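>>> please find the sequence and the predicted model below.
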Amino acid sequence: MDCKPFILFLFLCLFIRSAKLDIHPTNEVNLLDSKASQGELGWISYPSHGWEEISGVDENYTPIRTFQVCNVMEYSQNNWLRTNWIPRNSAQKIYVELKFTLRDCNSIPMVLGTCKETFNLHYLESDEDHGSKFREHQFSKIDTIAADESFTQTDLGDRILKLNTEVREVGPVTRKGFYLAFQDVGACVALVSVRVYFKKCPFTVRNLAMFPDTVPTDSQSLVEVRGSCVNNSQEEDPPKMYCSTDGEWLVPIGKCLCDIGFEERERACQVCRPGFYKASSGNLKCSKCPPHSYTHQEGSVHCSCEKNYFRHEGDPASMACTRPPSAPRNVISVINETSVILDWSWPEDSGGRRDVTFNVVCKRCWPEPRLCEPCRGTVRFLPRAAGLHNTTVTVADLLAHTNYTFEIESQNGVSLLAAAHRQYAAVTITTNQAAPSPVTVIRKDKTSRNSISLSWLEPERPNGIILDYEVKYYEKQEQETSYTILRSKGTNVTLNGLKPDTIYLLQIRARTAAGYGSSSRKFEFETSPDSFSISSESSQVILIAISSAVAIILLSVVLYIVISRLCGYRKSKHPDEKRLQYGNGQLRLPGIRTYIDPHTYEDPCQAVHEFAKELDASCIAIDKVVGAGEFGEVCSGRLKLPSKKEMCVAIKTLKTGYTEKQRRDFLSEASIMGQFDHPNIIRLEGVVTRSKPVMIVTEYMENGSLDSFLRKHDAQFTVIQLVGMLRGIASGMKYLSDMGYVHRDLAARNILVNSNLVCKVSDFGLSRVLEDDPEAAYTTRVSKYGGKIPIRWTAPEAIAYRKFTSASDAWSYGIVLWEVMSYGERPYWEMSNQDVIKAVDEGYRLPPPMDCPAALYQLMLDCWQKDRNNRPKFEQIVSILDKLIRNPGSLKITANTTSRPANLLLDRNNAADVSFHTMGDWLDSAQTLPCKEAFSGVGYSSCDTLAKASTEDFKKVGVTIVGPKIVSSIQALEAHTKNGPVPV
Ligand code: ACK
């Protein structure tokens, strides 16, 4: 029976189903695939009537070749089908995949007992193709192949068709190639496809390393494979993987990193795009260029800086390019004799960097012609002159009464890279007079029984011309209970009349126009013992010398009295004498310059020309009007004097149509101003009286008057800056009071501020003192000039009975202090003048401004002491403020609660106690032991919280404190600074 046709039919149906699954894994490399051959396969059949090659088509109508055999009706079947020679390639182990159908013997009618349901698979290795030579015995059997599923024919005549797939492994194979053979011993089988393959680990890229195609070994062990880095990458750890016998990659180790300028994209290292950079190797993405930098190229490792921007060598590539900082701002100087504290604000633009530092350059300057030279090495900078991280420096050991310019330069890490100009702010100061430093070197030249001759070296810093030396000495054992003082013009002296064999202690101090300096330390000297006798000759000489000296001294005294009487008479009209008479009614000490009231001149024009320079109007250019004064407009402009640099000036004009009195009054301000020479007093440049308009020309103050300046810059300054301004005002007022001048209208509106925040006292009118001031108000009391009084700024005794003194100026200073600390708030707000007078009289005082340091509020209260003798002198105010500046920590304790002061005044007795610096001080001084408990009861546990407590809070716990009668802020401050840093 021939069953071949129906077998073939089955094949086709099965192919349609199996083809869909016929996708081989990528790690299988085919050595043979019968389905891939479209022509005859050319395999050999023995005997030739056994296996038969048949053509068919698959589901795509692609021709395929199949083999079949079905000699089930005959005995002793031994049909071989041998493949062509298959090259081994690199395979070590091969896989044979067979697809076949096999007919169930039971389904074949009338078969003899020979029908089989298996066939055998064999192979033969050889190094070459043997062609058609076939020897059965050379083949080795791989396995007997049985069908998992055979097909059968049902009773109804339907056929159930099953395709079997069997895979067998063979290996290791070592020869160059091999044959496979299929032995049929009497089955009905159709070999639909034969595929021979081996497995490999295919090429792959892992961790940016490439791993080549790798054929696993036949043994069970893994093959270790070294990867090689993809282009533009470097090994970080050597990359490795293991190829398993199943053709799978296992255990990746190590990795490669993309080079700089390349990033990992799609398992490769690809170049950075323009506008991006990568500065370090690693598998990061390329980064966008940071601010102020760019790149137009691919593969950039960094970005270039834009014009005027730079990168410091230590800057990371990811940092924005930066530029040098702008100049420091708001430089203020606080002068203390021969030292100055410079304080400034951070530059507006730090250039994008945090490493801003400051250098201070000191120049000593002469005004005419303006020449400057670098300061000598004796000048000390604290903490140092260069590389300052803070915005303050103290410059010490300057020369007294000398002009200096300080340039404060800001720098950052890229300043040196920028060829730009230095960025600095300059401030010019004049040091004050200072007493000489102590004498440090004293030498004993000669000693006798009754005398000692000494000489010494001039003090290291004389700070002026030394007028004489004071030598004080006494017997050591007398402990200074009695001493002798000698004055010497030179640097040597002989002390006579001493006891023999006695120890003396001696101190010397030098005197200049600024007064005595500190005494030297005590030096010890001993006279010779009694046995050391002087010859009679020498004693005679001494006697003659002493008698002559006494005679000369007597003669000098007589001559001096006669001459001074004569001169005194002749000079009685000299202003210096008026000084003694009119210096605020006080007798001033000779040698100290004193203010002269221009009204004491019969012709006030004479006073103007004595104290003010007449300017040629052609030297003045008016630029614009900046305000209105009582007598006319106030303008800004420029003054260009021959052979001098042009300078900015303020010009006060006298409006046309003035009366003679108005002219006199207008110019009296210049007569007063012209007598002053101090860095905190507005400087008069000159007057124009010989042409019209009549003008008063002063230095120009860029920031105008202090009250409006503060209102414009509300809360923008540090406390130290405010204290620096206040210190300047106090220093100017000290100068005025030393000169015997009483201002009478000290108020923030009459203080001018320049571009360096230096404050200068201005407004020195006379009759105007109170009349042209818009704040002046009519009261029943009028000033001695018949003018009005600015009630809110004026001391009660000046309001009540016109007692204007430096002490009433100190009261006004307290109000200025309040105005400054409240950034230009109006004192007593909208209270009426009458209410202000009444409240102040009853002991009420302004409350502390918001965030006002307690020490400053205490100073205000001291200035507002009812008894004017208890108010601080301006000298003390300056020294208090200096101490605060040197010890900024003392400004941290604030006097008030957090809000702006309410429109309510404080009882002076309570208010006076806001300033205590430690809680203990305060409680102890208040002598209120029970109150300690009371406070602990309401949770006042620290000085800070206590300092913030309002008067109301104090009252709540029943504490009332009587304020000390003395100037408590000075005491409190001194007590505080004792423990604070050592003053410079
Ligand atoms: O606040 P201000 O701008 O500053 O307005 C007033 C105005 O003139 C009337 O006094 C301004 N002023 C007065 N003297 C000077 C000066 N020396 N420099 C600059 N401004 C001045 C003042």
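Noted; the coordinates are in hand. Numbers count the residues shown, from 1 in each chain.
>>> you'd agree residue 92 is up against residue 214?
No. Using C-beta atoms under 8 Å as the test, residue 92 is too far from residue 214 to be in contact (11.5 Å). All C-beta atoms are positioned from the backbone trio N, CA, C, and that covers glycine.
>>> the more surrounded of those two?
residue 214 (22 against 17; other C-beta atoms under 10 Å).
>>> secondary structure element for the residue of the chain found nearest the ligand?
Closest contact between the chain and the ligand, by C-beta to the nearest ligand atom, is at residue 627 (2.3 Å). Counting by DSSP states H and E, the element that carries residue 627 is strand 620-628.
>>> what mean pLDDT does that strand get?
For strand 620-628, mean pLDDT rounds to 89.
>>> buried residues in the helix or strand just after that strand, which are they?
Following strand 620-628 in sequence order, the next helix or strand is strand 633-639 (DSSP H and E). The neighbour-count check on strand 633-639 (16 or more other C-beta atoms under 10 Å) flags 633-637, 639 as buried.
>>> hmm, which of these is lowest in pLDDT?
When the buried residues of strand 633-639 are compared, residue 633 shows the smallest pLDDT, 88.
>>> how about it, nearest residue that isn't a chain neighbour?
Nearest residue to residue 633 in three dimensions, chain neighbours excluded: residue 625, at 4.9 Å (C-beta to C-beta, 6 or more residues apart in numbering).
>>> show me the contacts for residue 300.
261, 272, 274, 276-278 (C-beta atoms under 8 Å, 6 or more residues apart in numbering).
>>> what values do phi and psi take at residue 870?
When read as degrees, to the nearest 10, the backbone of residue 870 gives phi -90, psi -10.
>>> how about the one 4 residues further on?
Here the main-chain torsion angles of residue 874 (degrees, to the nearest 10) amount to phi -60, psi -30.
>>> how about it: what's its closest non-neighbour residue?
residue 734 (3.7 Å).
>>> straight-line length of stretch 671-684, end to end?
9 Å (C-alpha to C-alpha, to the nearest Å).
>>> buried sites along it?
In stretch 671-684, counting by 16+ other C-beta under 10 Å, buried: 671-676, 678-684.
>>> of the residues you listed, which ones also sit close to the ligand?
residue 682 (C-beta under 6 Å from any ligand atom).
>>> kindly reformat the buried residues of stretch 671-684 as a markdown table containing secondary structure and pLDDT.
Formatted as a markdown table, the buried residues of stretch 671-684 follow (DSSP: H, G, I helix; E, B strand; the rest coil; pLDDT from 0 to 100):
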| residue | secondary structure | pLDDT |
| --- | --- | --- |
| 671 | helix | 93 |
| 672 | helix | 93 |
| 673 | helix | 94 |
| 674 | coil | 93 |
| 675 | coil | 92 |
| 676 | coil | 92 |
| 678 | coil | 93 |
| 679 | coil | 92 |
| 680 | coil | 95 |
| 681 | strand | 96 |
| 682 | coil | 97 |
| 683 | coil | 96 |
| 684 | strand | 96 |
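>>> ok, which pair from the buried residues of stretch 671-684 is furthest apart?
Greatest spacing in the buried residues of stretch 671-684, by C-beta to C-beta: 671 and 679 (20.9 Å).
>>> wait, residue 305 sits on residue 311?
Yes. Shown here, residue 305 and residue 311 form a contact pair, counting by C-beta under 8 Å, at 5.6 Å.
>>> okay, and the beta partners of the residue of the chain closest to the ligand?
On the basis of DSSP bridges, residue 627 is bridged to residue 634.
>>> what sits against it?
Residue 627 neighbours (C-beta under 8 Å, 6+ apart): 633-634, 704.
>>> list the buried residues for stretch 77-93?
77, 79-86, 88-89, 91-93.
>>> stretch 314-331 now?
Neighbour-count burial for stretch 314-331 [16+ other C-beta under 10 Å]: 315, 317, 320-331.
>>> what about that stretch, how long is it end to end?
With C-alpha to C-alpha, one end of stretch 314-331 sits 31 Å from the other.
>>> stretch 110-126 too?
Note: stretch 110-126 ends 43 Å apart using C-alpha to C-alpha.
>>> neighbouring contacts of stretch 39-55?
Contacts of stretch 39-55 (C-beta under 8 Å, 6+ apart): 4, 8, 34, 63-69, 71, 77-84, 132, 134, 136, 182, 184, 191.
>>> mean confidence (pLDDT) on it, please.
89.
>>> and it, which residues are buried?
41, 43-46, 50-52, 54.
>>> what's the offset of it from the middle of its chain?
Computed by C-alpha atoms, centre = their mean, to the nearest Å, the chain-centroid distance of stretch 39-55 equals 94 Å.
>>> pull it out as CSV, backbone CA atoms only.
Output of stretch 39-55 as CSV, limited to C-alpha atoms (Å, rounded to 0.1, in the frame of the first residue of the first chain):
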residue,chain,number,x,y,z
GLY,A,39,16.9,23.2,-4.4
GLU,A,40,17.5,19.6,-4.0
LEU,A,41,19.4,18.8,-0.8
GLY,A,42,21.4,16.1,-2.5
TRP,A,43,21.5,13.9,0.6
ILE,A,44,22.4,10.3,0.0
SER,A,45,19.9,7.4,0.5
TYR,A,46,21.1,3.7,1.0
PRO,A,47,19.5,1.8,-0.5
SER,A,48,18.1,4.1,-3.1
HIS,A,49,14.5,2.9,-2.7
GLY,A,50,14.6,3.7,1.0
TRP,A,51,14.4,7.4,2.0
GLU,A,52,12.8,9.6,-0.7
GLU,A,53,13.3,13.3,-1.2
ILE,A,54,10.1,15.2,-1.9
SER,A,55,9.4,18.8,-2.7
